[in-house]
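Trainee: Mind looking at a prediction? Sequence and model below.
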Amino acid sequence: MAFNVTSKILEDGTAEITLVGELDGSVANDFKAAVEKVALEKPKKVVLMVKDLEYMSSAGLRVLVFTKQKMGSDVDIYVIAAQDAVRDTIEMTGFQHSVIIQDEYNAI
């Protein structure tokens, strides 16, 4: 499945990024560009909608780490509805301690 990323800033200042398909090294820069675009708006939190993300390589994980660094420690990052393969990639590195993983988005 081809990779697709879309982003928007919601009225409450939340950045919502939707990832679909397979996130590997060949498309990781597309994800990074979306992060850089929403970072300009100084969001209060970042919500990654990944229900339809089937795979995330280490390159995709590096962009997720970049997202946390770019937004700063005071901006929460939510990973919503991650499939097992994506969740496993995040948990293998211990990065689940740096993001909020939820089945459905519930702002904390």
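Mentor: The structure has been received and is ready for your questions.

Trainee: what's the nearest residue to E16 if we skip its chain neighbours?
Mentor: V47 (4.8 Å; CB to CB, 6 or more residues apart in numbering). C-beta coordinates here come from the backbone N, C-alpha and C atoms, glycine included.

Trainee: Now do the same for the one you found: its pLDDT.
Mentor: V47 is assigned 97 on the pLDDT scale.

Trainee: Just want the most central residue of this protein.
Mentor: Compute the mean C-alpha point of the chain, and by CA atoms, centre = their mean the closest residue is L48, 4.0 Å away.

Trainee: quick one, longest strand in this protein?
Mentor: strand 14-23 (DSSP state E).

Trainee: Which neighbours in the sheet does that strand have, and how are they oriented?
Mentor: Strand 14-23 has the following strand partners under DSSP bridges: strand 4-9 (antiparallel), strand 45-49 (parallel), strand 53-56 (parallel).

Trainee: Starting from it, tell me the next helix or strand along the chain.
Mentor: helix 28-39 (DSSP states H and E).

Trainee: could I get that following helix in PDB with only the CA atoms?
Mentor: Extracted in PDB, the C-alpha atoms of helix 28-39 (Å, rounded to 0.1, in the frame of the first residue of the first chain):
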ATOM      1  CA  ALA A  28      10.000   9.100   5.900                       C
ATOM      2  CA  ASN A  29      10.900  12.600   4.600                       C
ATOM      3  CA  ASP A  30       7.200  13.100   3.700                       C
ATOM      4  CA  PHE A  31       6.300  12.500   7.300                       C
ATOM      5  CA  LYS A  32       9.100  14.800   8.400                       C
ATOM      6  CA  ALA A  33       7.900  17.500   6.100                       C
ATOM      7  CA  ALA A  34       4.400  17.200   7.600                       C
ATOM      8  CA  VAL A  35       5.900  17.500  11.100                       C
ATOM      9  CA  GLU A  36       7.900  20.600  10.200                       C
ATOM     10  CA  LYS A  37       4.800  22.200   8.600                       C
ATOM     11  CA  VAL A  38       2.700  21.800  11.800                       C
ATOM     12  CA  ALA A  39       5.600  22.800  14.000                       C
END
